[in-house]
Each structure stands twice: as structure tokens, then as C-alpha cells.
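Trainee: dropping the sequence and predicted coords here.
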Amino acid sequence: MPLETAPAVAGKPPAATPATRTEARERAARNRKLTVYGARIAVLLAFLGLWEVCARTDVIDPFNFSQPSRIWDQIWQWVTHGTAQGSLGEQIGYTLYEALTGWVIGVTGGVLLGIALGRIRFLADVFGPYIKVLNAIPRIVLAPIFLIWFGLGPASKVASAVVLVFFPVFFNAFQGAREVDRNLVANARILGADNRRVTLQVVIPAATTWIFTSLHVSFGFALIGAIVGEYIGATKGLGLLVAAAQGTFNAAGVYAAMTILAVVALLTEGLLTFAEKKLFRWKPADAGDGR
Amino acid sequence: MSNTPAIELTNATKRFRTPSGALHTAVRDLDLTVAQGEFVAVVGPTGCGKSTTLTLVSGLEEPTEGEVRVYGEPVRGINPKVGFVFQQDAVFPWRTVLSNVMAGPRFRGVPAAEAKERARDWLGRVGLGAFEDRYPHQLSGGMRKRVALAQTFVNDPDILLMDEPFSALDVQTRALMSDQLLELWAGTGSSVVFVTHDLDEAIALADRVVVMTAGPATVKEIFTVDLPRPRTVEAVRLEPRFVELYREIWASLGEEVRITRERGAGRAA
């Protein structure tokens, strides 16, 4: 690399030197990016290729483990001809609707309660133990109960998404409200803020970092809640596709539904990151590198 | 009204419960009077309880014993006449510079347009007019401190409490900020209590310098600084009277510093 840049610098007038170096550095950064992307694609192709080859040469049993080409065929068939339960879009729509509704309810509840308990000591002291007990229950076992309570429709899936989402969001909001810089609160109070303003304009903005960390994780939980609910019993949804495929020993169907889920989860995750960037303009740029 | 002292602490004592459960006396039997329009600097060894004195006057904390009066009225909760500049950064990081300075008037119910106008005026006076759209993390430490000053002054406080406000700044910026503070203060007629560990800064700024004892803090001695105003920090430092005062006050302060240091050594051993 130094060999390459040295003659270029010598050949140009001194004023151009910084620009050339900057350009060289930029080019190196671009190349590195391309290499990383290339390597990523190579890893994916190698994995899928190995799987396909192993399945075709009967190293692994394609009936149990399926193979990429069959999974693709399955996805394509669902896209073009629809599933046994209706069109693929409808299934995705149902699952997303359930997950999103559960997520919104769980996040709203978690944030409100977390901040209320974080700000009001009395509430925290009274409700603290109960919340700990509820949190200790593996909440996924509640899904069958919800199915009994709310039936086969979306309500039972929304409920299981809510219980999965609520707790991580609640604990983060609670922690965030507790750990607000005391100087900021003191400053706001001196400047004339009453308790309500301290909560709305100091505690909540300060806690948003904490809350947003949990939003990322919790949307994944909302999807899990919706899918597990559907898997146990439903009339529509991606979870039902998995259950139906499993029931007919269609491994490709299970994988296909999983693939679709992964894509859906990644897209929503991307949207969240985008929203976060908009919301956290006040943060130093390097703060996000911790993730 | 004009004869009422701005701040009156009588026999003020403040005890805290430490996390281990022991009682810690931060301030004991403190008597201090600050006249209206007076600039008082409080110096003392580190950790002796100087900051606690300020929180008592501001109403952020209540005294365990004794009384604190502001303009003759006992302090009950936070007094709207009081402004407080904190040692650490206390500007709101999610608000722009302008919005930070507007916060005080907005909290006090001033309409947005008027608050903006007043905030712009003060930002201009601290020389940050061109930075109103920036966020605090985009500014230097000295600039953030100027935002904090504007944020405090925009509320027109009659009493200004400053807790080692410039201690985190480098020496040159500190001198500039001190001059700027004197300039801003000159127009307001407010009373200032300025806590610092820097004796130079205390003498250069204040009308009176209060020396605190090693903790628990109480007033040891009070010195009157008879240097003429207006002052600039760099020039006043070179005057013979300044050096004389410095020697006098340091004789008193140095002893307390020594006691604190010996205690620290004793505790470490």
C-alpha cells in the first residue's frame, strides 16, 4: 500500500497531497466494505451449497432435513398458489398484526408502569415483589391458558405477545427512570419544573435510551408470542403454517415458514433502527457503536 | 426590603445518613449572611461540605437544625428567585442549546415566543448566538458551561448559587469565564455565593471570601476583598493588594487543608 501511494504523492503538487491521501484512505475503506459483503455472501452460499449437496448425495436425509431447493420451491408455491390456509400474504399479515398489537400494548404498559414505579417509591415498594414473582414464571406456558380464555382468534396470540413484551420493557423503563442523572433533575427543579414536568421532560427523555434497547429485543419476543400462540392453535398465521407443515411431515414447509419469519423480523428491526436514529440525534454518533 | 440580607444562615446543621447507616455531619452550626448584591466566595478543603451549604440555600435540601432565610423568608422548597450553576454538566443533552436556555422560562409558564426571545438575548450575551441549533455534545466544555450560565441567568435570579462551576475547565478558559461571569453579574444586582477550591478565583471575583473549616464545615474566618471594581481576572492578580490578601487568607485556609489531608492519611493508614 505505501508503495502504491508514494509515487502518486511525488507526482502531484504538494497542495494536493492531503486530498490524495484522503482519497486513498476512502478507497481502502470502500474496498474493505466490499470485501466484507463479498465474504458474507460467500459464507451464505457455501452453507446453502453444502446443505444442498449433502442432501442430494444422501449424506443427510432430505426427508428430515430438507434441502434449500425444496425450501425455495415451497416458498415459491406459497407465493404463487397460496397456502392451504389462504394466501401467504394473509398469513404474514395475521402474524404481524398479532405481534404488532401485542408489542404496542406491551410496550405502552411496560413504559407507563416502569416510569410510574421508577418515579413513585411507594408503588415500587408495594408492587415490586409481585412483578418479580410474575417475571419468574416462564411466560410462554401462559399461551395455552390464553388459548382457553380468548379462543382460536388473534386475541390469544396478542395476549401471549403482551406478556412476553411487557417485562423486558418494564424493567428497562424502571431502571431508566431510576438512573436519571440527579444533577439533571436538580437543575430542572431549580429552573422551575414541577414534578410532572420533571417526569415528562427529564425522566422520560433520559430513560428513552434504556427503553429503546428493550424495544429491539422485545419486538422479537412479540413475534415469538404470536408464533407460539398460532402454533398451539389458530386459524391463520405463520405459526399455523409451521404446525400444519409439521403435521404432514413437510420439513421444507417448516423451514420455509422460518425463512419468511426471519425476513419479516429483520425488516422490522431495520425500521426500528431507522426510527432510533431519528430520535437520538442529540446523542454523540459513537454512542451507538456499543451494540 | 433593601436592608434585609439576601441570604441568612443561622446555626444551620445538615446531617446525612450514609449508605452504611452512620450519620455524617456535612455542615454544623453555620452562620453566614450575604447582603443584597454582594458577591461572596466560599473556600474550604475538598469535601468539607461547601456544596451542602448551597443546596440548603437553594431549597434542594432542608437543614437538620437551624434556619435558612432568603430575603427574610424561611426556605421551604425551591425558591424561584434562586439560580444554581452546578459543578457537573447539567444541561439537558436531548435539547438544543436554544431549547436548553428556554427551559427555565418555559417551566415557569412564559409563552414560547417570549421565552425564545429572552433565550436568544442571553445566548447572544454569552457569545453562543451562532450555536443555538447545536446539541450539547457538539460543544466544548467551556461552551457548555456558557449554556449553563445563560440557562441560569435567563430566569433573572436574585440569588445566584455557583458550585465550583468552572472547576472542570482549563486554566485559560476558566479566566475567560470568570471575566464573563463578572460582566454578566454586573448588570443584574443579584447576590452570588460562589463555592470554589481555587483561592485565586475566589479573591479575583468576590467582595468577601468565607473560609470554611475542615468537615463538618462551619465558617472559620471571613475576609473582605477591598479591590476596586470593575475587575478583570488577569489584571487583578498582579496587584500587590491581591498578593497580600492571598497570603492572609491562605494562612487561614492552609491550616484546614492540612487537617483534611492528615485525616485522609490517617484513614488510609
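Mentor: Yep, it's here. All values derive from a computational prediction rather than experimental measurement.
Trainee: contact residues of chain A facing chain B?
Mentor: Within chain A, the residues that sit near chain B (C-beta under 8 Å from any C-beta of the partner chain) are A:181, A:183-184, A:186-194, A:197, A:201-202, A:205-206, A:208, A:281-284. C-beta here means a position set from N, CA and C on the backbone, and glycine is covered the same way.
Trainee: helix, strand or coil for A:Thr259?
Mentor: Following DSSP: H, G, I helix; E, B strand; the rest coil, we place A:Thr259 in the helix state.
Trainee: let me see the contact set for it.
Mentor: Contacts for A:Thr259 (C-beta atoms under 8 Å, 6 or more residues apart in numbering or on different chains) come out as A:71, A:75.
Trainee: which stretches in the chain count as helices?
Mentor: No chain in the question, so chain A it is. Ranges of helices within chain A are A:2-11, A:17-56, A:62-65, A:68-81, A:88-119, A:121-136, A:142-150, A:154-178, A:182-191, A:195-197, A:204-232, A:238-247, A:251-279, based on DSSP state H.
Trainee: I was after chain B.
Mentor: Here chain B has its helices, by DSSP H, at B:50-58, B:97-107, B:112-125, B:141-153, B:171-186, B:199-205, B:233-236, B:240-268.
Trainee: of all the ones you listed, which one comes closest to chain A?
Mentor: Of all these, helix B:97-107 sits nearest to chain A, with 3.8 Å by C-beta to the nearest C-beta.
Trainee: list of residues touching the closest one?
Mentor: For helix B:97-107, contacts defined as C-beta under 8 Å, 6+ apart pick out A:188, A:191-194, A:197, A:201, B:91-92, B:95, B:112, B:114-116, B:118-120, B:122-123, B:128, B:131-136, B:139, B:147, B:150-152, B:154-155.
Trainee: thought A:Gly229 was touching A:Ile148?
Mentor: No: using C-beta atoms under 8 Å, A:Gly229 is not in contact with A:Ile148, being 12.0 Å away.
Trainee: and for residue 157, the neighbour number?
Mentor: This is for chain A. 35 (other C-beta atoms under 10 Å in any protein chain shown).
Trainee: was after chain B, sorry
Mentor: 23.
Trainee: go ahead and confirm it touches B:Val82.
Mentor: Yes: contact between B:Pro157 and B:Val82 holds when scored by C-beta under 8 Å: they sit 5.8 Å apart.
Trainee: can you list the residues of the stretch 1-150 of chain B near chain A?
Mentor: Within the stretch 1-150 of chain B, the residues that sit near chain A (C-beta under 8 Å from any C-beta) are B:58, B:60, B:78, B:80, B:82-84, B:86, B:88-96, B:103-104, B:107-108, B:135-137.
Trainee: among these, which lie within strands?
Mentor: Under the assignment DSSP state E, the residues of the stretch 1-150 of chain B next to chain A contribute B:82-84 to strands.
Trainee: so how far is B:Leu128 from B:Val147?
Mentor: 7 Å (C-beta to C-beta, to the nearest Å).
Trainee: which of these two has more residues huddled nearby?
Mentor: Comparing B:Val147 with B:Leu128 by other C-beta under 10 Å, the one with more neighbours is B:Val147, at 27 against 21.
Trainee: can I get the helices of chain B in TSV with distance to A:Ala159 and mean pLDDT?
Mentor: Shown next, in TSV, are the helices of chain B (distance: least, C-beta to C-beta, whole Å; pLDDT from 0 to 100):
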stretch	distance to A:Ala159	mean pLDDT
helix B:50-58	48	89
helix B:97-107	41	93
helix B:112-125	43	92
helix B:141-153	47	91
helix B:171-186	58	88
helix B:199-205	63	92
helix B:233-236	67	88
helix B:240-268	58	85
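Trainee: wait, what's in contact with the closest residue in space to A:Gly102 that isn't next to it in sequence?
Mentor: Once flanking residues are discounted, A:Gly102 sits nearest to A:Ala161: 2.4 Å by C-beta to C-beta, 6 or more residues apart in numbering or on different chains. Going by C-beta under 8 Å, 6+ apart, A:Ala161 touches A:98-99, A:101-103, A:106, A:221-226, A:229.
Trainee: ok, the most centrally placed residue in chain B to A:Leu112 distance?
Mentor: Compute the mean C-alpha point of chain B, and by C-alpha atoms, centre = their mean the closest residue is B:Met162, 1.6 Å away. Counting by C-beta to C-beta, the gap from B:Met162 to A:Leu112 is 38 Å.
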